[in-house]
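Chemist: give me the fold of what follows.
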Amino acid sequence: MSLLQRINQLRYQKPLGIRLLAAILLCSSAITLIATGTQLWLDYRYELSAIDERLQQIETSSINSLSNSLWEISPEQIQVQLDGLHQLPDVRYLEISSQYGDFYVAGTRPEQGPIVERHYNLQHYANNGVIFPVGELTLIISLDEVYRRLADKVLVILASQGIKTFLVSIFILTIFHRLVTQHLGTMASYARRLNLDHLDLPLNLKRNPKHRDDEISQVVDAMNSMRESMLHDMSKREDAERSLAKLNTELEQRVTDRTQQLEERNQELHDTLEKLQATQQQLVESKKLAALGGLVAGVAHEINTPIGIGFTAASFLADQAAIQQQQNPDDPLAATAVESSQLICQNLERAAQLISAFKQVSVDQSSEQRRQFDLIQYLDEILISLKPRLKRCQPQVIINGPDQLILDSYPGSYYQIFTNLILNSLLHGFENRAGGCITIDLSLSVDRLLIDYRDNGVGVPDGWQHKLFEPFMTTKRNQGCSGLGMHIAFNLVSQLLQGHIHCQPEDRGAHFQLDLPLKLTSLSSAE
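Modeler: Model (predicted):
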């Protein structure tokens with residue numbers, strides 16, 4: 001077995017020891033690297049300080065002698081001094097250039113690598129205190145030897161520290177294995193073999209008696225106590241299971257009976273809740289309609305009288321002004337009176353029309369005759385009655401549905417609803433322009449009638465899908481629209497016909513969806 005395979009086997013068999021060894025090696029290596037780095041930094045600082053001392057020694061002992069040799073123009077002496085300085089450790093190159101063009105060199109200038117380069121001015125001091133510059137000294141010290149010595153130290157330190165760390169780690173791992181991991185492995189094997197059906201064998205470790213009071217012995221005692229508790233609990237559980245099985249047998253039938261009763265009661269409550277919600281909605285709408293009817297009756301009664309009197313007076317004034325104008329054609333006051341009285345009559349007629357439309361909002365629809373009728377045939381009659389209004393736009397009206405559709409409802413309400421929808425399409429959708437298409441789709445769903453009314457006009461403005469059912473909401477008020485048509489249709493659908501009407505958003509044109517019963521309930525007929 002190779003070393004790598006042995007390590008992999010140990011990693012799976014004794015992962016705790018391998019992790020401990022890795023942690024010790026990692027921490028020891030980190031400490032070794034830190035200590036080595038610190039030692040190298042100190043040695044590097046020592047080497048640099050030694051170089052600085054060597055430079056100071058050269059400055060104090062050799063600069064003056066070189067200056068005197070240059071002053072005395074002694075080439076042999078200068079070269080001897082340079083060669084002597086070149087023999088110093090780490091000194092690689094010296095160069096002197098004099099004021100008279102002389103040039104002296106010792107050593108070779110390094111082309112690369114770390115160096116320390118210094119320049120010194122050579123001066124001669126005369127007896128009278130005058131200073132004469134005689135040249136310049138260039139000194140280059142190489143740091144290659146310094147780095148080489150540091151590298152040798154690094155290898156020695158890392159090798160010694162690595163061997164020491166490895167030996168200490170192996171020693172600690174061996175002790176940890178003998179004291180901890182082998183017993184943990186025994187406990188793990190015991191736990192894997194432990195079965196609820198075989199809890200009779202206790203856990204025992206082969207240990208020295210003097211180690212019986214440490215943490216491992218406490219874990220062993222805890223596991224044995226847990227085994228005994230499990231045995232006791234299992235006996236109690238078996239007794240409880242027998243009792244529970246007997247009780248379950250008795251309760252199953254009770255649960256089945258109670259569940260069936262609860263389902264029946266829930267279904268009854270659900271049906272009752274739906275009826276209550278529908279009744280509540282109808283009551284709320286009925287109260288609103290009744291309140292609106294009372295308001296309309298009072299307003300119509302109070303306004304019709306003064307409007308009638310005003311119209312009578314305006315008509316009389318118009319007749320008298322016309323007679324006066326015929327007698328005196330040049331009388332400006334008569335012409336003004338004729339024009340003003342006609343304007344008053346026109347506006348009073350407009351007010352009377354608004355009151356008449358307003359009264360339709362809350363008219364008592366229960367007085368209308370309820371009967372059975374064919375809606376398909378009735379739609380054809382509605383289109384014939386609207387033929388004079390359809391001449392201007394001449395839209396194409398398409399009715400899709402069965403050949404015959406018998407309803408038990410109020411035909412007059414259907415007439416008013418479809419009349420308002422078609423007139424709205426003419427005025428708002430097609431804007432009194434020729435062309436256009438109106439589609440009315442009729443379909444049946446169980447006992448419900450679904451009507452989809454569409455046109456390909458300009459459509460409903462954004463945000464008006466719900467507002468258009470409110471009273472007096474119109475975008476054509478300047479063209480004489482009162483804004484009550486769709487409100488009347490909404491009240492007829494939701495109250496008298498017990499249905500729903502919605503305006504669906506469309507990319508082009510208007511789309512109204514109506515959901516109506518095929519046969520009204522007795523509640524509507526009794527109202």
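Chemist: average pLDDT across stretch 266-276?
Modeler: Averaging pLDDT along stretch 266-276 gives 85.
Chemist: show me what counts as buried in that stretch.
Modeler: Buried residues in stretch 266-276, counting neighbours by 16 or more other Cβ atoms under 10 Å, are absent. C-beta: built from backbone N, CA, C; applies to glycine.
Chemist: against residue 22, how distant is residue 28?
Modeler: 11 Å (Cβ to Cβ, to the nearest Å).
Chemist: over to residue 194?
Modeler: Applying Cβ to Cβ to residue 194 and residue 22 gives a distance of 31 Å.
Chemist: circling back to that earlier point, residue 28 and residue 22: which has the busier surroundings?
Modeler: residue 28 (17 against 12; other Cβ atoms under 10 Å).
Chemist: flag the shaky bits of the stretch 101-250 of the chain, pLDDT-wise.
Modeler: By pLDDT under 70, the weakly predicted segments of the stretch 101-250 of the chain are 196-200, 207-214.
Chemist: what about the strands in it?
Modeler: Using DSSP state E, counting those that start in this stretch, the strands assigned to the stretch 101-250 of the chain run over residues 103-107, 115-125, 131-142.
Chemist: ok, which stretches of the protein are helices?
Modeler: 3-13, 15-61, 63-71, 75-86, 144-176, 182-193, 215-327, 332-359, 375-385, 387-390, 411-424, 485-491, 522-526 (DSSP state H).
Chemist: neighbours around residue 166, how many?
Modeler: 15.
Chemist: for it, which non-adjacent residue is spatially closest?
Modeler: The shortest distance from residue 166 to any non-neighbouring residue, by Cβ to Cβ, 6 or more residues apart in numbering, is to residue 25 (7.4 Å).
Chemist: I figured that neighbour hits residue 169, correct?
Modeler: Yes - the pair residue 25 and residue 169 qualifies as a contact (Cβ atoms under 8 Å) at a distance of 5.4 Å.
Chemist: with neighbour numbers in mind, choose between the two.
Modeler: Comparing residue 25 with residue 169 by other Cβ under 10 Å, the one with more neighbours is residue 169, at 20 against 17.
Chemist: which residues touch that one?
Modeler: Applying Cβ atoms under 8 Å, 6 or more residues apart in numbering, we find residue 169 in contact with 21, 24, 25, 28.
Chemist: same question, residue 100
Modeler: Taking Cβ under 8 Å, 6+ apart as the test, what residue 100 contacts is residue 73.
Chemist: got it, and the one 5 residues further on?
Modeler: Residue 105 makes contact with 82, 93, 94, 95, 96, according to Cβ under 8 Å, 6+ apart.
Chemist: the third one and residue 108: what is the separation?
Modeler: Using Cβ to Cβ, one gets 11 Å for the distance from residue 94 to residue 108.
Chemist: compare the two (neighbour count), which wins?
Modeler: residue 94 (24 against 10).
Chemist: dig out what the more buried one forms beta bridges with.
Modeler: On the basis of DSSP bridges, residue 94 is bridged to residue 106, residue 139.
Chemist: thinking it is in contact with residue 139, fair?
Modeler: Yes - counting by Cβ under 8 Å, residue 94 touches residue 139, with 5.7 Å between them.
Chemist: which residues do those two both contact?
Modeler: Common neighbours of residue 94 and residue 139 (Cβ under 8 Å, 6+ apart) are residue 85.
Chemist: next up, phi/psi of residue 73, please.
Modeler: As for residue 73, its main-chain torsions (degrees, to the nearest 10) stand at phi 50, psi 70.
Chemist: so how far is residue 136 from it?
Modeler: 16 Å.
Chemist: same check on residue 352?
Modeler: 123 Å.
Chemist: also residue 436?
Modeler: Residue 436 is 107 Å from residue 136, by Cβ to Cβ.
Chemist: which of those two has more neighbours?
Modeler: residue 436 (19 against 14).
Chemist: can you verify my assumption that the more buried one contacts residue 427?
Modeler: No - here residue 436 does not reach residue 427: they are 11.7 Å apart, not a contact under Cβ under 8 Å.
Chemist: shaky segments in the stretch 401-527 of the chain?
Modeler: 432, 473, 475-483, 522-527.
Chemist: circling back to that earlier point, so which of the helices of the chain is nearest residue 442?
Modeler: Nearest to residue 442 among these is helix 375-385 (7.0 Å), distances taken as Cβ to Cβ.
Chemist: please name every helix or strand in contact with the closest one.
Modeler: strand 396-400, helix 411-424, strand 437-445 (3 or more Cβ pairs under 8 Å, 6 or more residues apart in numbering; DSSP states H and E).
Chemist: tell me which of the ones you listed is the most buried.
Modeler: Greatest average neighbour count among these goes to helix 411-424 (a mean of 20), per mean count of other Cβ atoms under 10 Å.
Chemist: and the angle for it with strand 396-400?
Modeler: 140 degrees (axes from the mean of the first three to the mean of the last three Cα atoms, to 10 degrees).
Chemist: show residues contacting helix 411-424.
Modeler: 360, 365, 368-369, 371, 373, 375, 378-379, 382, 386, 389-390, 397, 407, 438, 440, 453, 485-486, 488-489, 492-493, 496-497, 510, 512, 514.
Chemist: now that helix against helix 375-385, angle please.
Modeler: Using the same axes, to 10 degrees: helix 411-424 against helix 375-385 is 50 degrees.
Chemist: got the CA positions of helix 411-424 in CSV?
Modeler: Listed next in CSV are the C-alpha coordinates belonging to helix 411-424 (Å, rounded to 0.1, in the frame of the first residue of the first chain):
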residue,chain,number,x,y,z
PRO,A,411,-88.7,42.5,-22.0
GLY,A,412,-88.9,46.3,-21.4
SER,A,413,-85.8,46.2,-19.3
TYR,A,414,-83.9,44.3,-22.0
TYR,A,415,-85.1,46.9,-24.5
GLN,A,416,-83.8,49.8,-22.4
ILE,A,417,-80.5,48.1,-21.7
PHE,A,418,-79.7,47.3,-25.3
THR,A,419,-81.0,50.7,-26.4
ASN,A,420,-78.5,52.4,-24.1
LEU,A,421,-75.6,50.2,-25.1
ILE,A,422,-76.2,50.7,-28.9
LEU,A,423,-76.8,54.5,-28.5
ASN,A,424,-73.6,54.7,-26.4
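Chemist: how far away from the center of its chain is it?
Modeler: Relative to the centre of its chain, helix 411-424 is centred 48 Å away, using Cα atoms, centre = their mean, to the nearest Å.
Chemist: quick one: contacts for residue 32?
Modeler: 157, 158, 161, 162, 165.
Chemist: drop anything exposed from the residues you listed.
Modeler: 157, 161, 165.
Chemist: ok, for the second one, nearest residue in space, not its chain neighbours?
Modeler: Which is residue 161. residue 32 (4.0 Å).
Chemist: for the strands of the stretch 101-250 of the chain, give me TSV that also has distance to residue 413.
Modeler: Formatted as TSV, the strands of the stretch 101-250 of the chain follow (distance: least, Cβ to Cβ, whole Å):
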stretch	distance to residue 413
strand 103-107	122
strand 115-125	111
strand 131-142	114
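Chemist: just those: most buried one?
Modeler: Note that of those, strand 131-142 is the most buried (mean count of other Cβ under 10 Å), with a mean of 18.
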